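Asker: just coords:
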């Protein structure tokens, strides 16, 4: 079968975990392939994904082979496949726009990363690069808060006829106007804001649904997250967190039996702890009432490597997009968006989103 050829926008930790994973599972047999939801999706296995193009704005990555660039500073993702061979795809300079928060430019010398000798590319140049590379699917891995830059790349995808997976909390797939544009051009899109394979949001949703099904009244809840990667450093700028908080909060609210008042739910990144690196720690608390209005409190701590947790979902989203392309299907992929993303156009209980995704994968062409 043909490869699923991808273009990566933002060669950060999530891209590092994904690229490592593509090679890691090439050395595995299906029966020993731990950590996947699906080994085979429509005939495509994890290693049937190929990076065809990549864009970044960091001088330590632009111009380097992507299999080398994924390990460049400030990336700190877990190296579970450190011996990546060169693949011949060099990271190209992208569009800056609002892809960098101002505080990142002055935080430390290691974060002043704009190349001085490589001009940023405009839409026509990005589109030409996509055509030249043969990329079929674009993955948006820009930092949270990159509103203008994300829409710029979505425009590039539309013009190039490339499917779009929006892994960040900028509302594109869940914006009816953008969704309509992808539908009109019959181009697949999945989004918005990727869920982790076993992360804070999916666990919070599962517990909220459990409270509801067991007749427990949820009164209030919080989810506090800390981490030490560039994503958490970026999010110390509260102005870049507006859609992130909406996305994470709505993902949980949609799973609660009765919607909580705004004052009774708090979800979102809480602090940057540099020595945590790519390890994300979630502190979750839920307060409610059981039989006879007797109080119940639940507290949980989750510690997980953030970027491989994301890649466990991205590797399936890519293959679902490839299936849609093979079948000639465009627009928002409803089931995969609901199952893989925190802020899809329509929220479903997780068991329904799972079944819709399975039905999509197993549908006849």
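Answerer: Great, that's in hand. All values reported here derive from a predicted model rather than from experimental measurement.

Asker: which stretches in this protein count as helices?
Answerer: 13-24, 66-69, 102-107, 123-133, 147-160, 176-184, 200-213, 230-234, 242-253, 306-327, 334-340, 350-362 (DSSP state H).

Asker: any idea which of those helices gets closest to residue 288?
Answerer: helix 200-213 (6.0 Å; C-beta to C-beta). All C-beta atoms are positioned from the backbone trio N, CA, C, and that covers glycine.

Asker: quick one: mean pLDDT for the closest one?
Answerer: Taken as a whole, helix 200-213 carries a mean pLDDT of 96.

Asker: so what does that helix touch, helix or strand wise?
Answerer: strand 217-227, helix 242-253, strand 279-289, strand 295-305, helix 350-362 (3 or more C-beta pairs under 8 Å, 6 or more residues apart in numbering; DSSP states H and E).

Asker: contacts for that helix?
Answerer: 195-196, 216-218, 221, 223, 225, 248, 251-252, 254-257, 267, 280, 282, 284, 286, 288, 298, 300, 302, 342, 349-350 (C-beta atoms under 8 Å, 6 or more residues apart in numbering).

Asker: mind pulling up the pLDDT for the residue lying farthest from the centre of the chain?
Answerer: Ranking residues of the chain by C-alpha distance from their mean position (C-alpha atoms, centre = their mean) puts residue 292 at the top, at 41.8 Å. Looking at residue 292, its pLDDT is 98.

Asker: do you know how far it is from residue 219?
Answerer: Counting by C-beta to C-beta, to the nearest Å, the gap from residue 292 to residue 219 is 15 Å.

Asker: returning to that earlier point: would you single out the least confident of the helices and strands packed on helix 200-213?
Answerer: Between the helices and strands packed on helix 200-213, the one with the least mean pLDDT is helix 242-253; it has a mean of 93.

Asker: need the residues that contact that helix.
Answerer: So helix 242-253 is contacted by 144-145, 147, 169-171, 192-193, 195, 201, 204-205, 208, 221, 223, 235, 259-260, 265, 267-269, 342-343, 347 (C-beta under 8 Å, 6+ apart).

Asker: again, 6 Å this time
Answerer: 144, 169, 193, 201, 204, 205, 208, 259, 267, 268, 342, 343 (C-beta atoms under 6 Å, 6 or more residues apart in numbering).

Asker: ok, the third one to residue 147 distance?
Answerer: Computed as C-beta to C-beta, the residue 193 to residue 147 distance reads 13 Å.

Asker: the two: which is more packed in?
Answerer: residue 193 (26 against 20; other C-beta atoms under 10 Å).

Asker: gap between that one and residue 258?
Answerer: Applying C-beta to C-beta to residue 193 and residue 258 gives a distance of 24 Å.

Asker: in stretch 274-288, which residues are buried?
Answerer: Within stretch 274-288, the residues that count as buried by 16 or more other C-beta atoms under 10 Å are 276, 277, 278, 279, 280, 281, 282, 284, 286, 287, 288.
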